[in-house]
Structure formats: C-alpha cells, structure tokens
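Trainee: how would this look folded up:
(one chain, ligands or ions: 1)
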Amino acid sequence: MAVLVTGGAGFIGSHLVNYYLRNTDSKIFLIDNISTGQKENLPKSSQVDLIEGDVRDSALVEDIVRRSDVVYHLAAAVGVENIVENPLDSLQTNIEGTQNVLDTAAGDGTPVFIASSSEVYGKSPEVPFSEDDDRVVGPTTVPRWGYANAKALDEFYALAHHEENDLPVVVGRFFNTVGPRQVGEYGMVVPTFVEQALAGDPITVYGDGTQTRCFTHVRDAVEAVHELMNTPAANGHVFNIGSSQPVSINELAERVLEITGSDSRVEHIPFEEAFDEDFEEPTRREPDVSKLRETIGWAPETSLDRILEDVVEERRENVEASS
Ligand code: NAD
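Mentor: Reported below is the predicted structural model:
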C-alpha cells in the first residue's frame, strides 16, 4: 500500500505521516515545496519518501499520484497573513494544485481526501455551521476571501469529479487545528501566544478579543481524517472537523498566561492596524459536528488546556535544544 500526503512536511501533514507510521507499514510519499512546512517535522524512516516539489507541477503530481493507492491533499498556501501578503501565489497553489491532484486521481479512481477549511463559511453569523449551510463571504477586493473561495472551488471540483467520474472523495473542513509543530509566523494564534508568553513579550490580541474559535488537537483531527477515508459512508461527502467548544481569544490569552506562568501583559491591537482598513474577521467560528459523529463516531478527546500544555512543552524543549 502506498499513500501520498501533499503538504506532508507541514503541521497537519506531518502528524498524518506519524499516524501512518504508527499504525501501518505503508509506503508514504510526500510532495511538499517546504514553503511553510519543514523537513525537521518528518520522522527519519525508510517508509517516508519526501519529494521536494510543487503541487502546481502537473507532471510531478501525475507521477506520484499514479504510484499511490490513496491521496491526502493537504498542500496549500495557509495563514491569514500569508494569504494577505501573497494573494496570487496563494490562489494558484490552492486552485491549480488541487485540480492537478483531482484530475490525475480521477484517471485511476484513486481515493482523495481534500483539506478544506472553516473559512469557506466566511462571516456567516449563523453558528454552529453545518456542512450544507449558506456561505457568506466578502468582496473580491479583500484577499482573505480569495482563500475562502479557492477552498470552496476545491470542494466543488472534488464533488464534481465524484459525481461525473465516480472518484472516491472526502472533503474535510478543518476548524482551528492546533498542537505541536504549528508555527506562529503566518498568523496562527496558539503558537504566537505561547511564544510571546514564554519570551515575556506582550500577548497581541487582534481586535477586542471577544471573537471566539474552537480549537482541536491535531492528533484528534488526524484520527478523524484517517477514519473518514476508511469509512465507505463518508465517500462523496463534506465534513466539519473540529471541536465545538468555543473559546474567546481573550480567554485563550489568559489560559496561555496561566499554563506558561508568564507575566506578559495582553495588548489589544485593532485589526486595521495589524492588517489593513479592509480586513474582516468573523466573530464566531463553531462547527456542527453531528455529521462527523454519526458517520465515524468521532468526538475530540483533548481539552484546550491539554493542547496548550503540549504546545508549551514542545516550545520549551525547542528552546532548550537550541541553547
Ligand atoms: P502547513 O502550512 O503546515 O501545511 C501546508 C503544507 O503545504 C506546508 O508543508 C507547505 O510547505 C506545503 N505547500 C504549500 N504550498 C505548496 C505548493 N505549492 N506545493 C507543495 N507544497 C506546498 O499548514 P497546515 O495547518 O498543516 O494545513 C494543512 C491543510 O489544512 C491546508 O490545506 C490548510 O488549508 C488546511 N487547514 C488547516 C487548518 C488549521 O487549523 N491548521 C484550518 C483549516 C484548513
């Protein structure tokens, strides 16, 4: 059995690789251009074959997809700051890359998992979000909605291949997946807060901090992904993957301060100052996970405190190793 994980050197991808190594003897191909991912995320194993390349390279994608029995397509331009600063590159990666994967997989009927995002719901005020709910996205002049729409287009494309070519596909919409190995530099909130707290720097909360998010441990999310790909009833469906426990960003900052024992202060920065005048931030992001629960019996196991403890422990180990 051979598995392809695109974006496998990234945060979620590398945890999926670990899951496969722990539970199977599959050959694991990775395609990753090491842009936001890192080789250090990967375990040293003869089962793992990292091909450094771009998912926009259709010849490369065709070659590796053809050698694989199942594909997890996670490669993408991610992170709000990254998307806002590099809109064109982000759109090309997130649209062309996905089309390359799906078009090739459709030729051989190779099952594909498509990593989508809670961003597709946009700024809809109707929480919790169910998979078939309407999407409310902003104007084309605001780059973040380009990411939301690219991911939505990926979903349309995957479902169209399923419909017309019987391609086995599962679409997973991740909601704030967090844990060890996630990096803060592209705008991810948990690693950013933890690093600021450990350094004794101010914790920078954008806006008034009352906006809420639901945080899921990457280990729990990866288990859901694997289970979905091994459940026939999931084929051709879209699933929310995430915890349904909302936490405000102010509360998150407080939990980080308590767990790290840091005396950093919390500093609120207006969104317009952190990004630009047009920036929009949805106030609530909460998944309805009943479809996921009914299909694979999944519920997230890890509490927010446990997630934060794991991240803090990893960051402390990294600091010790580099000093
Ligand atoms: P990540 O940045 O760690 O992983 C993305 C990986 O894709 C990186 O290793 C990066 O180097 C690689 N990559 C980027 N552009 C590429 C290209 N053109 N060709 C080949 N490789 C490329 O981020 P992640 O959090 O692990 O995200 C994985 C997937 O999950 C993405 O599709 C993302 O949109 C989705 N997602 C993640 C979250 C989350 O909370 N982490 C939320 C919603 C959706």
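Trainee: mind listing what the residue nearest to residue 98 when sequence neighbours are not counted touches?
Mentor: Excluding the flanking residues, the one nearest residue 98 by CB to CB, 6 or more residues apart in numbering is residue 154, at 4.2 Å. All C-beta atoms are positioned from the backbone trio N, CA, C, and that covers glycine. Residues near residue 154 by CB atoms under 8 Å, 6 or more residues apart in numbering: 94-95, 98, 114, 116, 171.
Trainee: Give me the pLDDT value at residue 154.
Mentor: On pLDDT, residue 154 comes in at 98.
Trainee: measure it to residue 51 for me?
Mentor: Distance, residue 154 to residue 51, using CB to CB, to the nearest Å: 21 Å.
Trainee: Buried by neighbour count: which residues of the lengthiest helix in the chain qualify?
Mentor: When the chain is parsed with DSSP state H, its longest helix is helix 143-165. Within helix 143-165, the residues that qualify as buried are 143-155, 157-159, 161-162, counting by 16 or more other CB atoms under 10 Å.
Trainee: for stretch 118-134, same thing?
Mentor: Residues of stretch 118-134 classed as buried by neighbour count (16+ other CB under 10 Å): 118-124, 127-129, 131.
Trainee: just stretch 209-223 next, same as before
Mentor: Buried residues in stretch 209-223, counted by 16+ other CB under 10 Å: 209, 211-223.
Trainee: mind listing the strands for the stretch 51-200 of the chain?
Mentor: For the stretch 51-200 of the chain, applying DSSP state E, counting those that start in this stretch gives strands covering 70-73, 112-117, 169-174, 177-178.
Trainee: quick one on the thing from earlier: and the buried residues of stretch 209-223, which of them are in strands?
Mentor: Among the buried residues of stretch 209-223, DSSP state E puts 212-214, 216-217 in strands.
Trainee: Tell me the one of these nearest residue 6?
Mentor: Nearest to residue 6 among these, counting by CB to CB, is residue 216 at 21.0 Å.
Trainee: so where is the stretch 101-250 of the chain shaky, pLDDT-wise?
Mentor: In the predicted model of the stretch 101-250 of the chain, no residue satisfies pLDDT under 70.
Trainee: residues in it within reach of the ligand, list them.
Mentor: 115, 117, 174, 176-177 (CB under 6 Å from any ligand atom).
Trainee: Not counting sequence-adjacent ones, nearest residue to residue 104?
Mentor: Nearest to residue 104 is residue 65, by CB to CB, 6+ apart, at 4.2 Å.
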